[in-house]
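**Q** structure for this input, please:
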Amino acid sequence: MHPAIRALFPDALSGNAVSALLRLMHPERDILCCGGRTQILQQGEALLFAAGANGLMTGNYLTTKGNSLQQDAALLEMLGIRDHMHDAP
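**A** Got it, this is the predicted structure:
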């Protein structure tokens, strides 16, 4: 991870704090966590939804390798969150 990013987010708590602040500022908006979440949040990734996020993007991103669909589905299942990946018409 780039040192500037690590300086902004030294640990999982600071990364999840951003989600919490965004939720407080925008209670009606979708808060999605995408590229870099596994690197920034690490073991704190499970706290993402408690912190305020209500969505995530799975797979690889432009410059960052992401979780596989199976890894993210397992995380959602572990948290007891129903995934809506299959709700689209």
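
**Q** show me where this protein has its helices.
**A** Ranges of helices within the chain are 3-8, 12-25, 37-41, 48-51, 69-79, based on DSSP state H.

**Q** tell me which residues in the longest one are buried?
**A** The one in question is helix 12-25. Of the residues in helix 12-25, A12, G15, N16, V18, S19, A20, L22 count as buried by neighbour count, 16 or more other CB atoms under 10 Å. Using the backbone N, CA and C atoms, a C-beta is placed for each residue, glycine as well.

**Q** what's the closest of those residues to E45?
**A** Nearest to E45, judged by CB to CB, of these is A12 at 7.4 Å.

**Q** which residues touch the closest one?
**A** I40, L41, Q42, Q43, G44, E45, L47 (CB atoms under 8 Å, 6 or more residues apart in numbering).

**Q** can you redo those as JSON lines with distance to P27, neighbour count and pLDDT?
**A** Formatted as JSON lines, the contacts of A12 follow (distance: CB to CB, whole Å; neighbours: other CB atoms under 10 Å; pLDDT from 0 to 100):
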{"residue": "I40", "distance to P27": "23", "neighbour count": "23", "pLDDT": "80"}
{"residue": "L41", "distance to P27": "22", "neighbour count": "23", "pLDDT": "83"}
{"residue": "Q42", "distance to P27": "27", "neighbour count": "11", "pLDDT": "81"}
{"residue": "Q43", "distance to P27": "27", "neighbour count": "8", "pLDDT": "82"}
{"residue": "G44", "distance to P27": "22", "neighbour count": "16", "pLDDT": "84"}
{"residue": "E45", "distance to P27": "22", "neighbour count": "22", "pLDDT": "86"}
{"residue": "L47", "distance to P27": "19", "neighbour count": "18", "pLDDT": "88"}
